[in-house]
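> Turn this into a model:
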Amino acid sequence: MKTFFIILCLQLFLYSYTIDFNESLNKTLENNKGLKAKQLEIEKAKISVDEASGYNYGNLVFQENISRTNNAGYVFGMKLASREANFGAFGFNEFISQMDTITPTSPTYDGGTKILATQPNDLNYPGYRTNYETKVVYQAPIFTGFKLDSAKKMAQLQLLAQKAKYMYDEKNLALEVIKAYNGAVAAREFIKATQKAKKATVSFVEFARALYDEGLVTNIDVKQAQVYDMGVEAQKIEAQNRFELAIAYLRFLTSDYEISDVGDFKSVYIDTTTIEALEKKIYENRDDYLWMKYNTQTLKSKIDFDSAGKYPTIGVQAEYGYNDDTFSTSNIDEKDYYMGAIGISYTLFDGGVTSKKSQKAKIEYNQILNNFEYMKDGIKLEVEKNILTLKAKEKMLKQKIKAQKLSDEVLEQSSQMYKNHLINMSNLLMQQANQQKASAQTIMAKYEKSLAAAQVKISLGESLK
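Predicted coordinates:
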């Protein structure tokens, strides 16, 4: 059993450690699955830019069409395409056999009426033919009514938007890390405070019992001290639970499940005296502002994209290939062909569809433009609110520190007064409660001040790295 306990202690020592804030943040940004998913959104946006650019280069397609038919029209066309057509394919054999019907000196002369009425069997009922059509086709747009240009611009703007969104999410994730990290530090400080209080209340119980044994106090003093001591023990259990919950959240964020403790409070410094200068940079530093800006510009480009139908489109096609009744390249020079074409298409009437699309795109743009302006006002209000909160938290922390020092002095004096029988146990325990409350409030004030400073920094578009 002793050996097992030693091994367990060694394992806990080897596979657990104390982490500081910077390491917590780096691990979170490196391992967070949500950020990894958003990084893939950026990769998708990059591909969309390449895709939009790719349409300008057109496409080159190799085609191999193999067909077998006895359709007269198809068979004749295949022979003609492969340059195999001869007079026999037109049915001239039957024409020649009836040549005497168009010779005036012939006894069967009918002025060519019979031969003209003849349906050539070779032409109308050809045998089966297998045709191999091999070709390479290149098609490219020359002018698309600015549609491709708009699509490329929209894709580029969305790439910038996704990058801005990623940075915004990264900074807000850092805010969650400081909440979890400093929350764990605060919980650990609560444990230390309750341990200190526990030490004091145990001494109260022992001293009250000693006085009771000497007949200097009643049994009620001992019981009061014991009840209070039990309450402190419960507070200690609660503080330990808070710490374990905070560590569990930090493990979740960092994906590091071997963390067992944290370092000191992470302090974030913000000079609020330069707030006017900082406010001027709010919009250029805020990633959510940039995200909205790029989305607004995207919808502006969408107006041009949806209006492209009112312009003509021009395209070019080049084709090279050959037809044959066998899959062979031995006689390409005799059977190949080429073709070049340019086409223009202009929609004269589409029932107003293009016009309606353009109107919808303009409405969508005006909608997001109004939201954009509303967002700017919201950002300014958020920064002002966070700065006012930080200033208040800084003042509160100073007051809580003073109050704690004073409560420590009062408790020390009260303890001496109780020993000298100048106050009863109730008064002493009340001062102990006041000291614990002041200590807890100081810890919370430190936590809230650090969080308020971090929120100011984030709202100004700055990073906690």
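> Name the nearest residue to residue 139, sequence neighbours excluded.
The shortest distance from residue 139 to any non-neighbouring residue, by C-beta to C-beta, 6 or more residues apart in numbering, is to residue 317 (4.8 Å). (Each C-beta comes from the backbone N, C-alpha and C, glycine too.)
> count of neighbours near that neighbour?
Other residues within reach of residue 317 by the criterion other C-beta atoms under 10 Å amount to 14.
> these two touch, right, it and residue 141?
No: in this structure residue 317 lies outside contact range of residue 141 using C-beta atoms under 8 Å: 10.6 Å.
> related to what we said a few turns ago, which residues are in contact with the residue nearest to residue 139?
Residue 317 makes contact with 137-140, 339-343, according to C-beta atoms under 8 Å, 6 or more residues apart in numbering.
> Among those, which one sits closest to residue 313?
When the contacts of residue 317 are compared for distance to residue 313 (C-beta to C-beta), residue 343 comes out closest, at 8.4 Å.
> my read is the closest one is in a helix, agree?
No: counting by DSSP: H, G, I helix; E, B strand; the rest coil, residue 343 is not part of a helix but strand.
> same question for whichever strand or helix holds residue 374, mean pLDDT?
Per DSSP states H and E, residue 374 falls inside helix 353-419. Mean pLDDT, helix 353-419: 92.
> Would you mind identifying the next helix or strand past it?
The first helix or strand that comes after helix 353-419 along the chain, using DSSP H and E, is helix 425-459.
> roughly how far is that following helix from the heart of the chain?
Distance, stretch centre to chain centre, for helix 425-459: 37 Å (C-alpha atoms, centre = their mean, to the nearest Å).
> so what secondary structure elements neighbour that helix?
Contacts defined by 3 or more C-beta pairs under 8 Å, 6 or more residues apart in numbering; DSSP states H and E place helix 425-459 against helix 147-213, helix 219-254, helix 353-419.
> what is the orientation angle of it with helix 219-254?
With axes from the mean of the first three to the mean of the last three C-alpha atoms, to 10 degrees applied, the angle from helix 425-459 to helix 219-254 works out at 20 degrees.
> how much space is there between the closest residue to residue 149 other than its chain neighbours and residue 311?
Once flanking residues are discounted, residue 149 sits nearest to residue 304: 7.8 Å by C-beta to C-beta, 6+ apart. Residue 304 sits 10 Å away from residue 311, going by C-beta to C-beta, to the nearest Å.
> same check, this time on residue 35
42 Å.
> Could you do residue 244 as well?
Distance of residue 244 to residue 311, computed by C-beta to C-beta: 66 Å.
> What ranges does the stretch 1-150 of the chain have for its strands?
For the stretch 1-150 of the chain, the strands defined by DSSP state E, counting those that start in this stretch occupy 17-19, 59-69, 129-143.
> To residue 329, which of these lies closest?
Among the strands of the stretch 1-150 of the chain, strand 129-143 comes nearest to residue 329, with 8.3 Å by C-beta to C-beta.
> Please name every helix or strand in contact with the closest one.
Here strand 129-143 touches strand 59-69, helix 72-81, strand 313-324, going by 3+ C-beta pairs under 8 Å, 6+ apart.
> following the last one, which helix or strand comes up?
What it means is strand 313-324. Scanning forward in sequence from strand 313-324 by DSSP H and E, the next helix or strand is helix 332-335.
> contacts for that following helix?
For helix 332-335, the surrounding residues in contact (C-beta under 8 Å, 6+ apart) are 82-83, 322-324.
> Show me just the buried residues among those.
Buried residues within the contacts of helix 332-335, counting neighbours by 16 or more other C-beta atoms under 10 Å: 82, 322-324.
> among the helices and strands packed on strand 129-143, which is nearest residue 253?
Checking the helices and strands packed on strand 129-143 against residue 253 by C-beta to C-beta gives strand 59-69 as the closest, at 46.8 Å.
> which other helices and strands contact that closest one?
Here strand 59-69 touches helix 72-81, strand 129-143, going by 3+ C-beta pairs under 8 Å, 6+ apart.
> What about residue 209, how many residues nearby?
By the criterion of other C-beta under 10 Å, residue 209 has 16 neighbours.
> for it, what are its contacts?
Residue 209 sits next to residue 222 when contact means C-beta under 8 Å, 6+ apart.
> just to revisit the earlier point, for the buried ones among the contacts of helix 332-335, work out which two are farthest apart.
Using C-beta to C-beta, the pair of the buried ones among the contacts of helix 332-335 lying farthest apart is 82 and 322, separated by 7.4 Å.
> about what we covered before: out of the buried ones among the contacts of helix 332-335, the closest to residue 297 would be?
Distances from residue 297 to the buried ones among the contacts of helix 332-335, taken as C-beta to C-beta, are shortest for residue 322 (49.7 Å).
> Great, nothing more from me.
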